[in-house]
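Chemist: Requesting a structural model of the entry that follows:
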Amino acid sequence: MRGLTFLRRALRAVATALTLAGVLTLLATGPARAGQNTTVEVTPNTAEPGTRVNIRADCGDANNRQGTVQSDAFGRVTVRPDNGMLTGSATIPANKPPGDYQVTLTCANNTTASTTVTVVNMSKPSQGPATGGGGTAGGGAGLLVLAGGVGIVLLGLGFALYGRRRSGPPAR
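Modeler: Here you go, the predicted model:
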């Protein structure tokens, strides 16, 4: 019983010390500040030549001033303040070859961010997967398979009838 009381008192002391340490840590630190988040995104990030893409950027404390976005995919674009973000759009030229192109944002406060836009050429339709003829493919093999299946079913019925006939009534 004395051991249990000692254990309870020790746990209370540890809990009190941890609570006090947490309170002192919170009082000693200042308010948390958001870091300088500079980001850029292109939507859609995979596009065909001739597609218009939207650009959305965040320059942190410089979102009230315009910035520039540069890419070999579409050239240079100015992004302007819009509801707390920087936005703009660009069209990928119709003759742009497929590939991955870096997109770089430069903010008014000299911070930068980058992402990638992928240009794809989907003008040539793709073929379906090469999975073989399948059961719906044309040819005379379908009739042969059907006849074989009917024959197996009839053979199974014949064996069932023959087996039933032979068993007859039980002997006494």
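Chemist: going forward, measure contacts between C-alpha atoms and count neighbours the same way
Modeler: Fine.
Chemist: residue ranges of the helices in the chain, please?
Modeler: 2-28, 141-167 (DSSP state H).
Chemist: can you tell me which of these the model trusts least?
Modeler: Lowest mean pLDDT within the helices of the chain: helix 2-28, at a mean of 52.
Chemist: for the nearest residue to Val42 once chain neighbours are set aside, what are its contacts?
Modeler: Computed as C-alpha to C-alpha, 6 or more residues apart in numbering, the closest residue to Val42 that is not its neighbour in sequence is Ile55, at 4.7 Å. Neighbouring residues of Ile55 by C-alpha atoms under 8 Å, 6 or more residues apart in numbering: 40-43, 79, 87-90.
Chemist: per-residue confidence for Ala113?
Modeler: 94.
Chemist: do the same with the one 10 residues further on
Modeler: Each residue has a pLDDT score; the one for Ser123 is 65.
Chemist: all numbers from here: first residue = 863
Modeler: Sure, I'll start counting at 863 from here, so that last one is Ser985.
Chemist: Dihedrals phi and psi, Asn925?
Modeler: Note on Asn925: backbone dihedrals following degrees, to the nearest 10 are phi -70, psi 0.
Chemist: I'd assumed Leu948 was in contact with it.
Modeler: Yes: the pair Asn925 / Leu948 is scored as a contact, 6.1 Å apart, by C-alpha atoms under 8 Å.
Chemist: related to what we said a few turns ago, just the buried residues from the contacts of Ile917, in PyMOL please.
Modeler: Entered in PyMOL, the line below selects the buried ones among the contacts of Ile917, by 16 or more other C-alpha atoms under 10 Å:
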select buried, resi 902+903+904+941+949+950+951+952
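Chemist: Could you export the contacts of Ile917 as TSV, including distance to Val981 and pLDDT?
Modeler: Shown next, in TSV, are these (distance: C-alpha to C-alpha, whole Å; pLDDT from 0 to 100):
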residue	distance to Val981	pLDDT
Val902	17	94
Glu903	15	94
Val904	12	94
Thr905	12	94
Val941	21	95
Thr949	21	95
Gly950	19	95
Ser951	16	95
Ala952	13	95
